[in-house]
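Colleague: just a sequence and a predicted model for now, questions to come.
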Amino acid sequence: MAKVFALESGEDVSRAVGEFLAQASAEAIARAGRFTVAFSGGSLPAVACRALRTMDGVDFSRWHVFWADERCVPLDDAESNFRLVREELLAPLAAAGRAIPDAQVVRIAAALVADPAAAAADYQRRMQQALGGGGGDSGEGGSAPALDCVLLGIGPDGHTCSLFPGHPLLDERALWVAPIEDSPKPPPRRITLTMPVVNAARRVAFVATGAGKRDTLRRIIDLRDPALPAARVAPADGCLYWFVDRPAAQDLATPTASSFSL
Ligand SMILES: O=C(O)[C@H](O)[C@@H](O)[C@H](O)[C@H](O)COP(=O)(O)O
């Protein structure tokens, strides 16, 4: 069952997501000594990090950052999801003397961005190193790792990560990280977490703002329309959260909360 938080404005969403991440990371660090989190791209990094990066009491030195999907472009490219998170979180934290250690930031290999299949295999290997988990030389990941938190956006077509409606990748069960060369959302060449990894997470939080998301949100949350990849996100042993603003939530029948509580 998802917890849906419908906040008045984008600023309120940022504050709620910041508080969520502060509490979720404190809990993970107390339990396991670290917090593993995967970011999506698009508008998510700005919304998710705007309040978070100035919050006191968050031990960022214990954070391990991954990406839910990444474009196969140079890391300083305007399209890079790494660049977005660097600008919205990593660089401001470093400037404030609260840097996340670089070895704990698992970005796509810059040298491999021209070859999505190689980039995906390399990323999966580094996830396995960082998170543990079996998987033979075939590149299969074994049982999916349990990230503490996966932060997701949704596209108008209900895609999430770089998992798009009707795409064969939606049914990928062996790989943790897969290449895509025909993303309907440009740029076409990307790597993405697969659904088993998303659904193995302890917490999955969608962040969606703006009236443009209202119908997609209704189809996902109220109708759970399986044609929409985001509607297939159902953490097996974890919790699912939605952080949305009023314009995005205005057609929802599902009960929503107007303030955040973990
Ligand atoms: O790399 C990407 O494109 C994203 O990870 C993608 O899944 C994004 O989250 C959605 O397309 C929503 O994007 P917006 O929040 O910008 O609408």
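Modeller: That came through fine.
Colleague: ok, now how distant is the closest residue to Pro145 other than its chain neighbours from Ala16?
Modeller: Leaving aside its chain neighbours, Pro145 sits nearest to Leu131 (3.9 Å; criterion: CB to CB, 6 or more residues apart in numbering). Every residue, glycine included, has its C-beta placed from N, CA and C. Leu131 sits 27 Å away from Ala16 when distances are taken as CB to CB, to the nearest Å.
Colleague: need the strands for the stretch 151-262 of the chain, in chain order.
Modeller: With DSSP state E, counting those that start in this stretch as the criterion, the stretch 151-262 of the chain has strands at 177-180, 190-193, 203-208, 239-245.
Colleague: and those strands, which is most packed in?
Modeller: Counting by mean count of other CB atoms under 10 Å, strand 190-193 has the highest mean neighbour count of the strands of the stretch 151-262 of the chain, with a mean of 30.
Colleague: the residue nearest to Pro145 contacts Leu147, doesn't it?
Modeller: Yes. Contact status for Leu131 versus Leu147: in contact at 7.3 Å, counting by CB atoms under 8 Å.
Colleague: quick one: which of those two has more around it?
Modeller: Using other CB atoms under 10 Å as the criterion, Leu131 and Leu147 rank with Leu147 on top: 25 against 18.
Colleague: state the helix or strand in which the more buried one lies.
Modeller: Taking DSSP states H and E as the definition, Leu147 sits outside all helices and strands.
Colleague: could you pull up phi and psi at it?
Modeller: Dihedral pair for Leu147: phi -70, psi 150, per degrees, to the nearest 10.
Colleague: show me the contacts for it.
Modeller: By CB atoms under 8 Å, 6 or more residues apart in numbering, the contact list for Leu147 reads 36-38, 66, 131, 197, 200-202.
Colleague: from these, which single one is nearest Leu240?
Modeller: Ala201 (9.2 Å; CB to CB).
Colleague: re earlier: what sits against the residue nearest to Pro145?
Modeller: Per CB under 8 Å, 6+ apart, neighbours of Leu131: 36, 145-147.
Colleague: measure Ala178 to the ligand for me?
Modeller: Computed as CB to the nearest ligand atom, to the nearest Å, the Ala178 to the ligand distance reads 14 Å.
Colleague: surely that residue and Thr192 touch.
Modeller: Yes. The criterion here is CB under 8 Å, and Ala178 meets it with Thr192 at 5.9 Å.
Colleague: ok and the residue in the stretch 101-250 of the chain nearest the ligand?
Modeller: Closest to the ligand within the stretch 101-250 of the chain is Gly153: 2.5 Å, counting by CB to the nearest ligand atom.
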